[in-house]
Every structure is written in structure tokens, then in C-alpha cells.
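Model the following, please.
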Amino acid sequence: MSYSEDTASTSSRTTASSSSNNGKGRARERPPSLRLHSIGVDPSILAGKVLKHIRRSSEHPAMSLSFADGTTYQILVDGYDPRHKGVPKVLETMSPLEHLFNPPGGHVAVDMAVTDCTLVTMADHAFEAGPREQRWYQKHLGIAFRFDDDRMWHCISAMLEVRDEESGRCTFRSYDDVYLQPRVVRDRASQKGSERNRRAGAHAPKTNWKY
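Predicted coordinates:
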């Protein structure tokens, strides 16, 4: 039987899933954190902050989170190059807060206090269709949030997917790591200096993506 979109599971499972259903109404245990080989900053830095705005990029697999203290952080995909995009990648969440993490208009104002945030290891069904279909469990890093108005973990991860242009059938699906990075907002003076450098032919690598 061909292992295609219909048979591939996209539901994500964190390493804390075995403890998430122990007793009705009980708070879920904190998922084990992975910090040995991840890039970016420790997501626990978001604990105690109040999330005020969520923005999804329309061009890149990136999400911008703005907080009441004036800081902004981006959730990005490890290894993604905006100039050489490669296999299409998207940020996804199976969270009940999907309407906030993936707002129809691309951005949404919120008022949510973050009580905890951590990296979690995940495992999902990946596959590649063809004369000899292949399937495997792909381990990858996600970022899990918990807010003060509920007792659930809400996880954001990255999926890679290729679809046949004619049939729309999914022919390849896998997953990649995500990480957290502060977004630096340049002041007007530095922006003017950067503009002069660009006009002079200087090309510095971009650290923040435009939305």
C-alpha cells in the first residue's frame, strides 16, 4: 500500500505525553527540556512575560512574538536560508490555540501571560513516496508554551512537505528543529547608516527577516 498523505500521521507527541493524562483536571508535568545542541536562546527566558502580539510571516517559516516589556522574539527553523528555501517548510501547532498561532490575517493582538516555555523533543511519522516508499520516525525540537489561563502545553514545530503539482498528493514529509531568537529593532540612526552602506555596496548578513 502506498504510504502517502492519507496514511501519514502529523500529530505531534512530546516526551511528556505519557504523563499528560494522569488524572482529570490535573496540571500537566513540565516536558523535559533539551538544551545541549540547540541554537538560539533558552526559551525559559519568556517565562513571566506578557505576550501582546503574534505575527506570522507570509514568506518564511517564522513567527514573531511581541511582549509587554517591549521585547520581540522570533521562532525560526534551524538551517533555513531565506535566499535558498529548499524543501517547503512551515511552522505548525496542534494546539487549541491554532487560531492565534496561525491567525487568518497573519497577525493578532493578544494578552497572555507566559508561565513557562521550554524546548521539547518530538517524534513524528515522516515518509517519502516513490517506487520504494520509505517511512520513519523523525525526532525534532519544538518550543512548548504554557499560559496562565489554562493548564495545557502548546507546542510549535516545523514541518517539511512536498506535494505533486498536478494531483496535490503529498510525496514527502519530514520535520526539522525550531529555535528562539531575539529580534533586534534598529533605531533610525543605525537604519540610515545601513542604508548608506547598502548604497556604497556593503552587504552585511541579515539577522532579522522582514514580514
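
Past the longest strand seen in the chain, which element shows up next along the chain?
Of all the elements of type strand in the chain, the one with the most residues (DSSP state E) is strand 107-128. Using DSSP states H and E, the helix or strand that follows strand 107-128 in sequence is strand 134-147.

tell me the phi and psi of Leu46?
Per-residue torsions, Leu46: phi -80, psi -10 (degrees, to the nearest 10).

Can you report how many residues lie near it?
Other residues near Leu46 come to 21 when the count uses other Cβ atoms under 10 Å. Where you see a C-beta, it was placed from the backbone N, CA and C, and this is true even at glycine.

And Ile39, by the same measure?
12.

Over to Arg56?
20.

For Ser64, see how far away it is.
From Arg56 over to Ser64 the distance is 8 Å, taken as Cβ to Cβ, to the nearest Å.

need the contact list for Gly40.
Leu76, Tyr179, Leu180, Gln181 (Cβ atoms under 8 Å, 6 or more residues apart in numbering).

Please name the residues that touch the nearest residue to it once chain neighbours are set aside.
Excluding its sequence neighbours, the residue lying closest to Gly40 (Cβ to Cβ, 6 or more residues apart in numbering) is Tyr179, at 3.3 Å. By Cβ under 8 Å, 6+ apart, the residues touching Tyr179 are Ser38, Ile39, Gly40, Ile75, Leu76, Asp78, Leu141, Ile143.

if you look at the residues you listed, which of them are in strands?
Ile75, Leu76, Leu141, Ile143.

how about CSV for the residues you listed, with neighbour count, pLDDT and distance to Glu166 added?
CSV is the format used below for those (neighbours: other Cβ atoms under 10 Å; pLDDT from 0 to 100; distance: Cβ to Cβ, whole Å):
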residue, neighbour count, pLDDT, distance to Glu166
Ile75, 24, 97, 33
Leu76, 25, 95, 32
Leu141, 23, 93, 34
Ile143, 26, 96, 36
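
Go through the residues you listed and name the one nearest Trp153.
Closest to Trp153 out of these is Ile143 (10.3 Å), distances taken as Cβ to Cβ.

got the contact list for the residue lying closest to His107 once chain neighbours are set aside?
Nearest residue to His107 in three dimensions, chain neighbours excluded: Arg55, at 4.0 Å (Cβ to Cβ, 6+ apart). Contact partners of Arg55, counting by Cβ under 8 Å, 6+ apart, are Met63, Ser64, Ser66, Gly106, His107, Tyr211.

Surely Tyr137 and Asp124 touch.
Yes - counting by Cβ atoms under 8 Å, Asp124 is a contact partner of Tyr137 at 7.1 Å.

Compare the two (neighbour count), which wins?
For Tyr137 versus Asp124, the count of surrounding residues by other Cβ under 10 Å is larger for Asp124: 21 against 11.

That one bridge partners, please.
Gln138 (DSSP bridges).

just checking, it touches His140?
Yes - judged on Cβ under 8 Å, Asp124 makes contact with His140 at a distance of 7.3 Å.
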